[in-house]
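> I need the structure of the sequence given here:
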Amino acid sequence: MKCIDNLGIKYSEASKARGKLITSVISLSAALMFVIGIMIIMTFGIWLKWDFVSFGDFDAAYINVTDEQSVELSKEDSFNSVGKTHLLGFIRDHFNTYKVETVDKSIISGFNYNLLEGRYPDSSSDITLSESAISYLGANGIIGEEITLSYQSLDEDQRQETFILTGIIKDNIFQEEGYKETFIVSEAFAHISNDFVRRDVYISKKIFVSTNDLLKTGTTLNISKNQLALPISNSEMINGILAPSILVASLVILLSIVSVGNIFSYSINERIKTIGLLKSIGMTHNQLKIVFKKEGYQFLKRGIIYGFVLGIIAFLSIVLVQYLMTDTTNTNDSLLSKLDLNIFLIKDVWLMVLFMFISTFITIWIAVKISIYIPFRKTKKISITSSINYVGNKSVRYESRKNALIKKPAAKLAIINFKTNKIKSILPSIFLALSAALFIFLTSFLKSMDSRILAEGMTQGDVLVEGVVTEDLIDDLSKLDNVRDIVVIKQLDVTIPFEDVSINENFIDSEVYLNNLREEGKLGLESKLIGYNETMFNELELSSLNDNEAYLYDIYKYSDYEIGDEINQIFIDDSGNEMILSVVFKGYITSSNIKLPFVYGSPLIIVNDSLLIDKIGVTDYFLAGLLVEGSLEKVKQEIEDITEDKQIQVTTLDEIEQELYREFFLISSMGYGLFIVIGIVSFTMIINNIYTSITGRKREFAILRSIGMTKNQLKMYLLWEANIYMIFVVVISVPIGYFLSKYVVASLAEQNAHFVWTFPPSSLLIIVIYYVIIYLVTKQVFNKMDTNTVAELLRN
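Residues are numbered from 1 along each chain as shown. Here you go, the predicted structure:
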């Protein structure tokens, strides 16, 4: 057995060129799988993390229900468990929001509130705090200690209460986000604040209960669909991530198996004569299999090690790019938050890496095993005599009617050979075409996302001044030497009550957005009331807009609103009073009709300027866009000197462009990195295919030359085979890259009209580069073979 193992090791060392090729393919495939796998896990991690923080072990929640509705939900047979919590208010600081709430036993269990000492509150003066809450309040953490708590109730009033500490619970396991500082009070205290209590009911459903069943249950109890909060993992958003993730992972696995298998297939087929000789001296089929397995595992061992090193370097490079592109000035954020890694905890980084090590190794091991088993299985069917006399593929080559139309003999022979070896020829061509398509797509996509064009399209003006922009400040700005014009916007912060929000059921992402708002304790959807300014809107006739009418800037697709619907909005006037403003919905405004800075993230309601000025009394502007001549930085410095004592933020067009450029750079780095790896793996397959195809047919070429084929004709024959590869690449890659980029950019343009699809002809240079490489490889192999005489080729 040791002799057989040594033979396998010697085989792996016999051909250094082939060994390096196989090792490089295995290492690149392993690195690609490793990085892609980690990125997929990180993507899913953020949603699972959010689900756990927001829902614990529960499957859904009915938000802001009445006491009667909560009682009926407790009786529902389709639920395994029901947990109730009364949300009283929040404690907010600059970075975090902390809940003040009541919990029952089901909530304690579902959210893993582990009691470290003491007991949960049962009287109106009791309170239980988490470890971080005690630290946050500066308390001693002694049971019986007096705790003074200041919090904001749901009606926006600031309250202060004094409690007795009765228990301490363990912190939330997520240190990067979530409600670490938890404040739990009793039901008795909740009833004292009954006017301001929001009742939330969390449910754990039975196996066969669907989301539609939950909606029907809510409808039966007069609970609006907007009051049903679902984990993100149950929404279409996760499906939008799952499908492409599975596609990419499958492509990587298939690429690995095919590339490694293709090279081993040629390697074993070339040594069928050797196999016949080994059989003739008594070696069994199983012993031969062990020899080639040992050879394959030698390459696997080296390739996996190199692959993991490359994968870790690539992963750390991605982390470094994210770190450099993230605002790290916030020292209160943890390292993971600064790196923007979508994973659970520090310890999960190592678990994730270990999981991908094991998964990658198993997948590549299977690929190597399959790539040895398939070609070796063919050798079993060949007798010892046939093995010794094996001269290559024995398939009959014939001339079809279609081939008869081709007049050039070299081209005709190349096509016949391509058809004879379809699998070995087509698969490498397809993968090479996919890598070219990826390059064409990325080039066109990124060209359509030009940071300067986007920055100019998303802003009005060269310098933006945001904050409380008074008339006096506008006068001062207009006097600056380089300012030639100023565009201004009035704005009022408003809230649309959740019960008035109309969302089309097709847009689950909007439901998720509302769920996030509910979790933050907000009473409605926050929006911005914008006064119409003709310089900010294009192709709209808003001069006839009455004071009671409004357009919506359709960011979140509130498509259930119909013309004439009334939209109620809550706002706070200058005296601090809560006021209600009702407007009639007149239509939607898309991004093609509006120029606003990217800082706007809320849905916008566009009204007549006179409504803001005359009826509400908004006199100050929120934003001024300055059209500037000369240096933007100089104008910015002059504005900052003028507004030194005011809460004003100044941003230049160049800064917006730089922000967009950093985002595009991250996208392009990851995209082109994927292209390079797939391209290299594909080329190793093609190079191996060309090399083994030519060297394995030396006897065939000798026969062709002996019957009169010249060296030049033989060379043309091989170059036509290279041409066929490139025809496949062009036919597949150009349409895929062209239409995919057009589709993706068109989809983005629906959300932001400043994405303009562009197809740069320079993207087709990848076809020329590929052809040159294939041509040079073919020519190099031919020149090496051309040094042999016909007699030498026949002997080989």
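> Could you identify the helix or strand that succeeds the helix-or-strand element of the chain with minimal mean pLDDT?
The least trusted helix or strand in the chain, going by mean pLDDT, DSSP states H and E, turns out to be helix 335-339, with a mean of 42. Note on helix 335-339: by DSSP states H and E, the next helix or strand toward the C-terminus is helix 346-380.
> per-domain residue ranges of the chain.
Recorded structural domains for the chain (assignment: automatic domain parsing) are 1-55+238-390, 60-230, 399-458+660-796, 459-659.
> Quick check: bridge partners of Val103?
On the basis of DSSP bridges, Val103 is bridged to Thr85.
> residues touching it, list them.
Taking CB atoms under 8 Å, 6 or more residues apart in numbering as the criterion, Val103 is in contact with 83, 85, 111, 113, 120, 184. All C-beta spots, glycine's among them, are computed from the backbone N, C-alpha and C.
> how much space between the fourth one and Leu21?
Tyr113 is 58 Å from Leu21, where distance means CB to CB, to the nearest Å.
> The fifth one too?
Distance of Tyr120 to Leu21, given as CB to CB: 66 Å.
> Tell me where the stretch 151-300 of the chain has helices.
187-192, 211-220, 236-269, 272-280, 285-325 (DSSP state H, counting those that start in this stretch).
> Need the CA coordinates for the first one. CSV is fine.
Pointing back at helix 187-192 there. What follows is helix 187-192 as a C-alpha-only set of coordinates in CSV (Å, rounded to 0.1, in the frame of the first residue of the first chain):
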residue,chain,number,x,y,z
GLU,A,187,-48.3,46.2,35.4
ALA,A,188,-49.4,48.2,38.4
PHE,A,189,-47.3,51.2,37.3
ALA,A,190,-48.5,50.7,33.7
HIS,A,191,-52.1,51.1,34.8
ILE,A,192,-51.3,54.4,36.4
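> Could you give the average pLDDT over it?
The average pLDDT within helix 187-192 is 81.
> With the longest one instead?
With pLDDT averaged residue by residue, helix 285-325 scores 76.
> Equivalent analysis for the fourth one, please.
Along helix 272-280, the predicted confidence averages to a pLDDT of 70.
> Quickly, which of the domains of the chain bottoms out on average pLDDT?
Minimum mean pLDDT among the domains of the chain: domain 1-55+238-390, a mean of 67.
> What's the separation between Ile727 and Ser763?
The value you get for Ile727 to Ser763, if CB to CB is used, is 19 Å.
> Could you do Phe701 as well?
37 Å.
> quick one on the thing from earlier: which one of Ile727 and Ser763 is surrounded by more residues?
Legend: neighbour count by other CB atoms under 10 Å for Ile727 and Ser763, higher for Ser763 (24 against 12).
> if you skip the residues just before and after it, what's nearest to the more buried one?
Thr443 (3.7 Å; CB to CB, 6 or more residues apart in numbering).
> and the helix or strand hosting the one you found, what does it pack onto?
Using DSSP H and E, Thr443 falls within helix 422-447. Counting contacts by 3 or more CB pairs under 8 Å, 6 or more residues apart in numbering; DSSP states H and E, helix 422-447 packs against helix 236-269, helix 653-695, helix 711-751, helix 765-785.
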